[in-house]
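In: Provided below are the primary sequence and the corresponding predicted coordinates.
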Amino acid sequence: MFKTLPGFREFYPEECARRNFVFSKWRAAAESFGFREFDPPVLESLELFTEKSGEEIKSQLFEFTDKGGRRVSLRPEMTPSLARMVGAKAAGIRRPVKWFAIGENYRYERQQKGRLRAFYQYNADILGDGSAGADAEVIALLIESLRAFGLTEREFKLRLGDRTLWALFLQSMGVEGEFMIPVLSAMDKIEKVSPEALEEMVANALKGSGAEAARIVPAAREIIKARSLEEIRASFADAPELAEKIDSRMGEWRRLLDLLSALGVREYVSPDLGIVRGLAYYTGFVFEAFQTVGTGRALAGGGRYDNLVGKLGYQDMPAVGFGMGDVTVSDLLELVGKGGSLDARPDAYVAIGSPECRAKALETVASLRRAGLRVDYPLRDMPFGKQFKQADSTGARFAVAIGPDEISKNRAKVKNLSTGAESEADFAALADILRA
């Protein structure tokens with residue numbers, strides 16, 4: 001007996017219908033914002049991810065050598081593939097690029113609630129625009145993509161952080177150059193591990209400087225307590241040499257929050273430097289959406305990554321985007337009773353009165369299908385009563401009976417399987433009746 005591999009899912013029709021409901025909401029939200037769908041390959045050069053995504057992702061790759069001797073990996077995320085695709089066609093693509101994708105990603109990580117080794121992710125990105133307007137548009141889309149399910153600020157919030165301010169803080173603490181990204185990656189764990197564990201991680205990022213880590217971590221833990229622009233600015237009072245840069249950045253914060261207010265989503269957003277994001281390519285504002293009911297799990301995350309396209313060898317291009325996983329969103333919808341289904345159940349089930357009636361019945365089935373209706377019928381002869389039971393089991397809205405009498409009168413019998421109401425309809429008018 002063969003079993004599904006650990007961390008992978010199989011979708012029976014009912015699960016597929018629930019998954020497609022989620023996808024349909026995401027797709028409609030993205031398209032309402034003017035985003036266009038793209039689809040990158042599931043298998044990419046290993047180097048695309050090892051060089052650009054950060055240490056944590058590297059340890060989770062499904063990587064191997066293909067039959068051509070190439071080192072390849074299943075994609076753990078979409079963003080590097082997007083950057084590669086846009087960079088390769090940059091000269092001929094209208095900017096700003098507003099693209100989205102819904103696809104399966106793969107990470108070999110420890111299984112836990114909300115985390116699997118194969119998961120679908122919805123990504124939406126804007127490339128070619130470095131303005132606060134692009135940041136606001138992406139954040140607003142993330143929020144509207146959750147609101148599309150009927151979720152409100154009572155059920156989720158977005159925490160807005162800033163890698164630029166974090167870089168200024170670390171600069172004030174003497175962290176420079178090659179140490180900046182490793183220390184930022186460690187800081188991503190600031191709310192997830194103990195102060196002692198974080199000091200060890202920072203010391204490792206600094207290649208063994210425990211004394212420096214012991215100085216940096218307490219100051220960092222004070223900064224993440226700020227929950228307003230005034231508190232954030234005050235937390236940098238001990239760095240007067242950076243005052244001009246910090247004040248300039250605070251102006252960018254105010255501009256972004258004003259735009260989010262105009263877009264009608266400001267009430268969902270909380271300034272919070274506890275959000276750092278672990279991926280190496282983030283450069284500016286970063287954000288994560290969290291559910292505010294149940295376990296408080298992260299639902300989505302993203303930020304600005306202005307250097308990634310250039311690092312892949314293409315022309316520099318500013319970019320901002322987010323990713324949202326299907327597992328945590330589906331779990332939240334189930335928790336709050338706001339899930340749904342796109343199950344393609346038949347509009348009608350055609351019951352066939354006798355073998356001699358099959359040809360006329362199949363002509364009717366074909367005609368109804370061409371009219372855009374979903375229609376099922378028995379593939380072999382069986383008693384009428386059994387056919388009506390089968391019609392019920394398919395979840396069809398109507399049963400259409402076609403027997404010798406119906407053919408002679410050129411009128412089919414129609415039964416509403418929800419109400420039990422019965423009527424007759426000319427074959428020519430049958431499609432209109434079933435659409436009602």
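Out: Yep, it's here.
In: quick check: Glu104 touching Tyr122?
Out: No. Glu104 is not in contact with Tyr122 according to Cβ atoms under 8 Å; the separation is 11.3 Å. Bear in mind the C-beta positions are built from the backbone N, C-alpha and C, glycine included.
In: okay, those two: which has more neighbours?
Out: Applying other Cβ atoms under 10 Å to Glu104 and Tyr122 shows that Tyr122 carries more neighbours, namely 25 against 14.
In: next, the more buried one: phi, psi?
Out: phi -100, psi 120 (degrees, to the nearest 10).
In: same question, the one 10 residues further on
Out: As for Ala132, its main-chain torsions (degrees, to the nearest 10) stand at phi -60, psi -30.
In: what number of residues lie near it?
Out: Per other Cβ under 10 Å, the neighbour tally for Ala132 reads 21.
In: likewise for Ile246?
Out: That count, for Ile246 with other Cβ under 10 Å as the rule, works out to 22.
In: same check on Leu299?
Out: Counted with other Cβ under 10 Å, Leu299 comes out at 24.
In: with Leu434 instead?
Out: 21.
In: separation between the closest residue to Ala348 other than its chain neighbours and Pro383?
Out: Leaving aside its sequence neighbours, Ala348 sits nearest to Phe398 (Cβ to Cβ, 6 or more residues apart in numbering; 4.5 Å). To Pro383, Phe398 is 20 Å away according to Cβ to Cβ, to the nearest Å.
In: counting neighbours, go ahead and name the busier of those two.
Out: Using other Cβ under 10 Å, the more surrounded residue of Phe398 and Pro383 is Phe398, with 23 against 10.
In: name the helix or strand for the closest residue to Ala148 other than its chain neighbours, please.
Out: With sequence-adjacent residues excluded and distances taken as Cβ to Cβ, 6+ apart, Ala148 is closest to Lys25, at 4.3 Å. Per DSSP states H and E: Lys25 is located in helix 13-32.
In: pLDDT below threshold where in the protein?
Out: 52-55, 114 (pLDDT under 70).
In: how does it divide into domains?
Out: 13-336, 348-435 (automatic domain parsing).
In: burial check on Phe384, number of neighbours?
Out: 13.
In: so how far is Val269 from it?
Out: 61 Å.
In: check Pro76 too.
Out: Taking Cβ to Cβ, one finds Pro76 at 28 Å from Val269.
In: repeat that for Leu263.
Out: Counting by Cβ to Cβ, the gap between Leu263 and Val269 amounts to 10 Å.
In: ok, now which ones touch Ala344?
Out: Listed by Cβ atoms under 8 Å, 6 or more residues apart in numbering, the contact set of Ala344 reads Ala17, Arg374.
In: one more: Asn204?
Out: Per Cβ under 8 Å, 6+ apart, neighbours of Asn204: Pro182, Ala186.
In: so it, which of the three states?
Out: helix (DSSP: H, G, I helix; E, B strand; the rest coil).
In: quick one: the strands in the stretch 51-200 of the chain, in order.
Out: 63-65, 71-74, 97-106, 118-127, 156-162 (DSSP state E, counting those that start in this stretch).
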